[in-house]
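Visitor: Next come a sequence and a model predicted from it.
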Amino acid sequence: MKTRPLHPKFGLIVEDVDLREVTADQLYPEIRAAFETHSALLFPAQALDDASHIALARLFGPLENREAMAANDADMEFIVPAVSNETETGVADAASLHTLDLQANMLWHTDSTFLPVPALVNILTAKVVPPEGGETELASTRAAWAEMPAALKDSLRDAVIWHRLSHSRSKISAELGAQIKMTRWPDRPWRAVWPNPVTGEEALYIASHSFAIQGLGHEKAGALTDDAIAFCTQDRFVYSHAWSPGDVLIWDERAVLHRGRPWDYTKPRTLKSICCSVTEADGLAAMRIV
Ligand code: OGA
Ligand code: MN
């Protein structure tokens, strides 16, 4: 693969691959190795439709189907999730719960930390982009962890962090946080440091969904969570992607925080996102509490 760095500390831009041609034997092994090593991959100007998006995602792991997970029905049809303000009746109103939910993605987060099985990867591709704004930003919690001052690092190394989707949604709007879609997942604990099972490198595993730290009072836990996320999301650890239609951004949820950026909400913006769930091979056992 022909690659160049995405950011001085992490990520690669892959220039000569058509993602529709990737199969388990052809290109996937190289892509997967680069994913483990570099945490983020950008494939500019691709042409993924839903079918080729799904085919690519299946190579990384089981497709994350939240409706199936919530219903405990593995056979439920998978629909590629849209991250979009376009609705059947036009662009969503800026004050609607729909837009507020998109705005909750603008808090630094890791996807799916609140699910019974968290995500390994998000494969995100742009369909419709606004003329300005609407970037997606990635922060390497692997690079940040490696540079974190000892005092902060020591207080996080053995921590157990609890995650709740309604926690991040409530920061934006109490009404949004109270929706059944947000409250339906039981609180979920994970260890704070995810060792990559292939490279051995550690990364901080934290999110906007993090609402408590085992053994710490509410205020201390909140301050530690805020300090940790603030450290990891300093400019020097952040890549900001200004989308062109077709771009595909793939990141390792075990080692990257991300957020969306605002845009003019009267303008349509549509991305399609498939997350794959982690499997034991991705190092999940090291993250479980029991
Ligand atoms: C996501 C996400 C942010 C954005 O797809 O998980 O957080 O830029 N997207 O829309
Ligand atoms: Mn997200």
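Guide: Looks like it arrived, so ask away. Predicted model only: the values in this text are computed from it and were never measured. Ligands and ions are numbered 1, 2, ... in the order given.
Visitor: distance of Phe231 from Thr23?
Guide: Noted for Phe231: a distance of 40 Å to Thr23, by C-beta to C-beta, to the nearest Å. To be clear about C-beta, it is placed using only N, CA and C from the backbone, and glycine gets the same treatment.
Visitor: Among these two, which residue is more densely surrounded?
Guide: Legend: neighbour count by other C-beta atoms under 10 Å for Phe231 and Thr23, higher for Phe231 (20 against 10).
Visitor: Shouldn't the more buried one be within a helix?
Guide: Yes: assignment of Phe231 by DSSP: H, G, I helix; E, B strand; the rest coil places it within a helix.
Visitor: Count the residues that sit near the closest residue to Leu97 other than its chain neighbours.
Guide: Closest residue in space to Leu97, ignoring its immediate chain neighbours: Leu176 at 5.6 Å, by C-beta to C-beta, 6 or more residues apart in numbering. Around Leu176 there are 20 other residues, counting by other C-beta under 10 Å.
Visitor: Show me what the helix or strand encompassing Leu176 is packed up against.
Guide: Take DSSP states H and E as the rule and Leu176 turns out to sit in helix 174-177. Secondary-structure packing of helix 174-177 (3 or more C-beta pairs under 8 Å, 6 or more residues apart in numbering; DSSP states H and E): helix 97-104, helix 165-172.
Visitor: what pairs with the helix or strand following the first one, and is each one parallel or antiparallel?
Guide: Going back to what we said before, that points to helix 97-104. Later in the chain than helix 97-104, the nearest helix or strand by DSSP H and E is strand 119-128. Partners of strand 119-128 in the sheet, by DSSP bridges, are strand 248-252 (antiparallel), strand 270-277 (antiparallel).
Visitor: Please identify which of the ones you listed is closest to ligand 1.
Guide: Nearest of the strands paired with strand 119-128 to ligand 1, taken as C-beta to the nearest ligand atom: strand 270-277 at 4.0 Å.
Visitor: Can you name the residues of the stretch 1-150 of the chain that neighbour ligand 1?
Guide: Contacts of the stretch 1-150 of the chain with ligand 1, taken as C-beta under 6 Å from any ligand atom, map to Val83, Asn105, Asp111, Asn122, Leu124, Thr136.
Visitor: Could you rerun that using 8 Å?
Guide: Counting by C-beta under 8 Å from any ligand atom, the stretch 1-150 of the chain comes close to ligand 1 at 81, 83, 102, 105-106, 109, 111, 122, 124, 134-137.
Visitor: List the buried residues for the helix or strand bottoming out on mean pLDDT in the chain?
Guide: When the helices and strands of the chain are scored by mean pLDDT, DSSP states H and E, helix 66-71 comes last with a mean of 95. By 16 or more other C-beta atoms under 10 Å, the buried positions in helix 66-71 come out as Arg66, Met69.
Visitor: Ok, stretch 118-132 next?
Guide: Buried residues in stretch 118-132 (16+ other C-beta under 10 Å): Pro118, Ala119, Leu120, Val121, Asn122, Ile123, Leu124, Thr125, Ala126, Lys127, Val129, Pro130.
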